[in-house]
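Undergrad: sequence and predicted structure below; questions after.
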There are 2 protein chains.
Amino acid sequence: MSVSPLAPAGFPDLPVIDGVRFAAVAAGVRYAGRTDVMLAELCAGTTVAGVYTRSATRSAPVRDCQDKTGGVDMGPAAFLVNSGNSNAFTGKAGDTSVAAICDAVAGAFNIDASRVFTASTGVIGEPLKHERIVDRIGDLRDALDPAGIEDAARAIMTTDTFPKGAGAEITVDGTPVRIAGIAKGSGMIAPDMGTMLVYIFTDAAIGYRDLQGMLGQLTDRTFNTITVDSDTSTSDTLLVAATGRSGADVTGNSDFATALESVMLNLAHQVVRDGEGATKFVEIRVTGAADDADARKVAMSIANSPLVKTAIAGEDPNWGRIVMAVGKSGAEADRDTLSIRFGDILVAEEGWVSPKYLESEGADYMKRQDIVIDVDLGLADGVATVWTCDLTNRYIEINADYRS
Amino acid sequence: MSVSPLAPAGFPDLPVIDGVRFAAVAAGVRYAGRTDVMLAELCAGTTVAGVYTRSATRSAPVRDCQDKTGGVDMGPAAFLVNSGNSNAFTGKAGDTSVAAICDAVAGAFNIDASRVFTASTGVIGEPLKHERIVDRIGDLRDALDPAGIEDAARAIMTTDTFPKGAGAEITVDGTPVRIAGIAKGSGMIAPDMGTMLVYIFTDAAIGYRDLQGMLGQLTDRTFNTITVDSDTSTSDTLLVAATGRSGADVTGNSDFATALESVMLNLAHQVVRDGEGATKFVEIRVTGAADDADARKVAMSIANSPLVKTAIAGEDPNWGRIVMAVGKSGAEADRDTLSIRFGDILVAEEGWVSPKYLESEGADYMKRQDIVIDVDLGLADGVATVWTCDLTNRYIEINADYRS
C-alpha cells in the first residue's frame, strides 16, 4: 500500500522520556512477519490517565482499561497493544484473552496486573489468538529500549500508511519537560470521547486527578474535532503516562497543557492525513453560530457529508453542497446571513453567490492539498473548527476488500 | 449513464386519474434537448396536501409551497416541476423566479396563483433561468394528456437512471378508487419529513385536514425510512392531489390508507434502487430495542455507515461493522443480548459469532442483489425497518464530477 500523499516527510525525532522503555515484535496475530505487538514499560510512580470510546459495543480491552484507570497502585506499569485483531464482540472469550495477556505481562515484568493496560485493533468479532502474544512476552522484555518509540508506532498500524508521532519540549521553572506521543488510525474514525489508539508519554510530574481532568478538556479540542468517515470505533483508546522523572511538577501549569494539546492536535491531524484514501486535508471553521454546540453540529455535518467530501475529491468548488450540509445539520441557520469562504475567497453571502466570486478562482483553490472551508452563520458568537479528508474511490476499494 | 442494476423491468401501467392531465417539455433549463419541465393540471375541487424538507436552507419553491399548503381556495390547481436547477440558495432572485413561474401558469391555465405549486431539482446556488420555463407554458398547455404520467416522471429526473412510478386501485363502498404516483431522487437522499420530489394523484374524495394527517403518518413509515447517503436535500417535496372525481369519500378509510402507503413505499424503494452507484438493495430490520426511537437510531446508524455500505458493495459478510454501527448509534445496547442475522442465517448471538455460523454461508448470502440484515437487541419491544443501498466507486465518480 502506498503512503498517503498527505503524509509528513518522515517520522519526527522524538525526545526520550525518562522512565519509559519500548519494545515491539512480530507475533503473527493475523499476518506472519508483520510487527504487530508493542509494549511500553513505565517506571514506578507513573501517573496513567485515559479516555475511551463511548461505543455501546466497545471492546474487551477498552472495558478492562476503564476499570483500571484511576487505580491507587503506583508501582510500575505497562501498555501492551496488538494490531490485526480488535478483540471486540468476542464474548466472554474476549475477557479471558485480556486477562491472559495482563497476567503474562504482570508475571514477566513484576507489575501488578491492575497496572497493565492493553488495547487491540483490527478486525472485529474474531477470537484473539492471545497465546501468540503471551508466547512473545519474554522477547518483548529482552527488546526494551528507551529509544524504541518509532517501532512501537509501527507495531500498532492497521490500514495506516505511515507511523504517527509527535513530541514537545518545554521548560517548567528551569527544568526541561518532555512529551512524546504515538497514534494509529485511518478508518472508522469519528471519535467520541477518546479516539483510535493514542499513547503519550511525558517525564512531567502530575497526579491522576489533574492529568485526567486536563486530558478530558484537551480531547474535546483535539481528537474529538476530527472525522474521516463518521464511523466510531469500538476500540478508541487514549492513554497518557507521566513518569515524573523530570522532577518538574506541572499541576495546573498552562505551558504544559499547551504543549500537551499541541502534541495531541498534531497526532489528530496525522490521523486525518492518513484517512483511508485521502488526497486532501480539509479544515472546516464555523463562526457566528448561535452557540459553540451549534457551530460544532454545522462543522461535523459538513465534514461528514459524502457529497461535500466527494466534491472535494473532484476538486469541485461546490459550495451548494456546503449550503445543503448547513441546512441538514439541525443547527439554527438563516440563508440570508450565511457566508462561505474557500480560504480567503468569498464565495457566498446574503443568501446567494457573491457578485465578486469567480468560479475559476474557486476551482484553482480546490486544486490545493490543504483546504480551508470557512462558514460564518452570522447569528451570534458560536465557533468550532474540525478537520477531515476527502472521500475517494480508494476509500471504497480499501473497505470493500478489508478482510480478504 | 446506464440504468441501475436494481431497476424494475419497466415503468408500470398506472391507472388514469380522472381530473388530472400531464404535460412535459424540453425547456433547456440546464441542458438542451432534455425533457426537464413537467406540469400536472388538477381539476377544481382537488384537495392538495404536502410534506417538505426540514432543511434550514430549503429552497425558494419549498418555502412557497409551504405557504400555500392548506389554503382555502378550491378552484383548479397545478403542479409544475423543473429539473436541472434547484433554485436553492439563490437569494431574493429565487423568490422572484417562483413568482414569475406561478404567475405564468396562473394566467395560462386560469388558476389562482395560490394554487400553483412548483418545485425545482438540480444544482444548488445558481440562478434559475425561469424565463426559459415561462416561455414554454403555452406548449405545456397544448400538450396536456390524462395518460402523460410517464413523460412527467421522466421530466423530473436528474441523476436518476430510470423513471419511478407506482399505482393502486381499490374499491370503496363499491366504487373504484385509483392512485398513481411518481418520484425522483437518487442522491442527497436522507429524507427528513418529506423527501425528494414525489407527486401522487388519486380520484378519491377527502378533505385537506384528513389527507394531510394521513400523509404525515404514512411519510414516517415510508419515505422517512430510506437513506442513500445521509445527505438531506434542500428541495424535498411530497404532494398528494385528491380530485374527488371517483365520487368515493375515503375520509378515515383504512383500505385507502393502506393503498396509499403501498404506493408511497413502492416509490421510496425505487428511489433506493436508483441510489447513486447502487448494486445492492438492503433492508435493515431492528427488533428488541428499548423503544421504536432507539430501533430507528440503530437501523439508520447501520444504513448510513460507510464501512457497512462498502462491505456490502464488496459482498463481505462483515458483521463486525454492524456491531460497530450498533455501538455508535447512541441507542441502548448490550453486547451479550445482541443477535445478528443475514436473511435467515444466524450470524452472531450472546456477544459473539454463533457456533453454527459458517462464513461460507454468509459470503454466499452477500452475493444476492436484495439483502436483509436483521438485528435483535434483546432488550424490549422497539422495532424499525429502513432501506438503503451499498456504497460503491460509482457513487464517488458520479459525485466527484457532478457539475462538469
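TA: On my side now, so go ahead. Numbering: from 1, shown residues only, chains lettered A, B, ... in the order given.

Undergrad: enumerate every residue touching the most far-flung residue of chain A relative to its centre.
TA: Here chain A reaches farthest from its C-alpha mean at A:Pro355, the gap being 40.7 Å by C-alpha atoms, centre = their mean. By C-beta atoms under 8 Å, 6 or more residues apart in numbering or on different chains, A:Pro355 lies in contact with nothing. The C-beta positions use only the backbone N, C-alpha and C, and glycine is treated the same way.

Undergrad: so where do the strands sit in the stretch 51-200 of chain A?
TA: Along the stretch 51-200 of chain A, counting by DSSP state E, counting those that start in this stretch, strands occupy A:77-85, A:116-123, A:164-172, A:175-184, A:197-202.

Undergrad: ok so, going back, the residue farthest from the centre of chain A falls within a helix, correct?
TA: No - assigned with DSSP: H, G, I helix; E, B strand; the rest coil, A:Pro355 falls outside any helix and is coil.

Undergrad: follow-up on the earlier one: lowest average pLDDT across the strands of the stretch 51-200 of chain A?
TA: Lowest mean pLDDT of these: strand A:197-202, a mean of 88.

Undergrad: neighbouring strands - and their directions - for that one?
TA: strand A:175-184 (antiparallel), strand A:237-242 (parallel) (DSSP bridges).

Undergrad: for those, which one ends up most surrounded?
TA: Mean neighbour count (mean count of other C-beta atoms under 10 Å in any protein chain shown) peaks for strand A:237-242 among the strands paired with strand A:197-202, with a mean of 27.

Undergrad: give me the pLDDT for A:Lys189.
TA: For the record, residue A:189 is Ile, not Lys. On the pLDDT scale, A:Ile189 is placed at 59.

Undergrad: just give the number of residues close to A:Ile398.
TA: Applying other C-beta atoms under 10 Å in any protein chain shown, we find 18 other residues in the vicinity of A:Ile398.

Undergrad: for it, which non-adjacent residue is spatially closest?
TA: A:Glu276 (4.8 Å; C-beta to C-beta, 6 or more residues apart in numbering or on different chains).

Undergrad: are we agreed that the one you found is in a helix?
TA: No - going by three-state DSSP, the assignment for A:Glu276 is coil, not a helix.

Undergrad: convert the C-alpha atoms of stretch A:293-311 to PDB, please.
TA: Only the C-alpha atoms of stretch A:293-311 are listed here, as PDB (Å, rounded to 0.1, in the frame of the first residue of the first chain):
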ATOM      1  CA  ALA A 293     -22.600  23.400  20.200                       C
ATOM      2  CA  ASP A 294     -24.400  24.600  17.100                       C
ATOM      3  CA  ALA A 295     -21.200  25.500  15.400                       C
ATOM      4  CA  ARG A 296     -19.900  22.000  16.000                       C
ATOM      5  CA  LYS A 297     -23.100  20.500  14.600                       C
ATOM      6  CA  VAL A 298     -22.600  22.500  11.400                       C
ATOM      7  CA  ALA A 299     -18.900  21.700  11.100                       C
ATOM      8  CA  MET A 300     -19.400  18.000  11.600                       C
ATOM      9  CA  SER A 301     -22.400  18.000   9.200                       C
ATOM     10  CA  ILE A 302     -20.100  19.400   6.500                       C
ATOM     11  CA  ALA A 303     -17.200  17.200   7.500                       C
ATOM     12  CA  ASN A 304     -19.300  14.000   7.300                       C
ATOM     13  CA  SER A 305     -21.300  14.800   4.200                       C
ATOM     14  CA  PRO A 306     -20.400  12.300   1.500                       C
ATOM     15  CA  LEU A 307     -21.500  14.800  -1.200                       C
ATOM     16  CA  VAL A 308     -19.200  17.500   0.200                       C
ATOM     17  CA  LYS A 309     -16.300  15.000   0.500                       C
ATOM     18  CA  THR A 310     -16.700  13.700  -3.000                       C
ATOM     19  CA  ALA A 311     -16.900  17.200  -4.400                       C
END
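
Undergrad: quick check: buried residues in it?
TA: Residues of stretch A:293-311 classed as buried: A:294-311 (neighbour count, 16 or more other C-beta atoms under 10 Å in any protein chain shown).

Undergrad: contacting residues for A:Ala293?
TA: A:Ala293 touches A:Gly382, counting by C-beta under 8 Å, 6+ apart.

Undergrad: right, I mislabeled it, should have said A:Leu128
TA: So A:Leu128 contacts A:29, A:82, A:85, A:87, A:90, A:94, A:97, A:120 (C-beta under 8 Å, 6+ apart).

Undergrad: go with 10 Å
TA: Counting by C-beta atoms under 10 Å, 6 or more residues apart in numbering or on different chains, A:Leu128 touches A:29-30, A:59-61, A:82, A:84-88, A:90, A:93-94, A:96-98, A:100-101, A:120, A:122.

Undergrad: go on, A:Ser97?
TA: A:60-61, A:82, A:85, A:87, A:90, A:118, A:120, A:127-131, A:133-134.

Undergrad: among the strands of the stretch 51-200 of chain A, which comes closest to B:Tyr395?
TA: When the strands of the stretch 51-200 of chain A are compared for distance to B:Tyr395 using C-beta to C-beta, the nearest one is strand A:116-123, at 24.7 Å.

Undergrad: the closest one near chain B at all?
TA: Yes - using C-beta under 10 Å from any C-beta of the partner chain, strand A:116-123 reaches chain B at A:122-123.

Undergrad: what's the neighbour count on A:Asp103?
TA: 14.

Undergrad: equivalent analysis for the one 4 residues further on, please.
TA: Here the neighbour count serves as a burial measure; for A:Gly107 (other C-beta under 10 Å) it reads 12.

Undergrad: my guess is it contacts A:Ala78, does it?
TA: No - counting by C-beta atoms under 10 Å, A:Gly107 does not reach A:Ala78; the two are 11.6 Å apart.

Undergrad: okay, the strands paired with strand A:197-202 in a markdown table with distance to A:Val386 next?
TA: As requested, those are exported to a markdown table (distance: least, C-beta to C-beta, whole Å):
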| stretch | distance to A:Val386 |
| --- | --- |
| strand A:175-184 | 17 |
| strand A:237-242 | 18 |
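
Undergrad: tell me which of these sits nearest to A:Ile371.
TA: strand A:175-184 (22.4 Å).

Undergrad: check the offset of that closest one from the chain's centre.
TA: Its chain's C-alpha centre and that of strand A:175-184 lie 15 Å apart, by C-alpha atoms, centre = their mean, to the nearest Å.

Undergrad: output the contacting helices and strands for the helix or strand bottoming out on mean pLDDT in chain A.
TA: Every helix and strand in chain A was compared by mean pLDDT, DSSP states H and E; the lowest is helix A:393-399, with a mean of 83. In terms of contacts (3 or more C-beta pairs under 10 Å, 6 or more residues apart in numbering or on different chains; DSSP states H and E), helix A:393-399 is packed against helix A:306-313, helix B:306-313, helix B:393-399.

Undergrad: of all these, which one is nearest B:Asp142?
TA: Nearest of the helices and strands packed on helix A:393-399 to B:Asp142, taken as C-beta to C-beta: helix B:393-399 at 35.5 Å.

Undergrad: and that closest one, how far from the chain's centre?
TA: Helix B:393-399 has its C-alpha centroid displaced from the chain centroid by 21 Å (C-alpha atoms, centre = their mean).

Undergrad: helix/strand/coil for A:Val286?
TA: When classified by three-state DSSP, A:Val286 comes out as strand.

Undergrad: per-residue confidence for it?
TA: Listed pLDDT for A:Val286 reads 97.

Undergrad: now it: how far from A:Asp376?
TA: Distance, A:Val286 to A:Asp376, using C-beta to C-beta, to the nearest Å: 8 Å.

Undergrad: anything in contact with each of those two?
TA: Joint contacts of A:Val286 and A:Asp376 (C-beta under 10 Å, 6+ apart) are A:Val383.

Undergrad: tell me which of the two has more neighbours.
TA: Using other C-beta under 10 Å as the criterion, A:Val286 and A:Asp376 rank with A:Val286 on top: 28 against 17.

Undergrad: no more questions from me, cheers.
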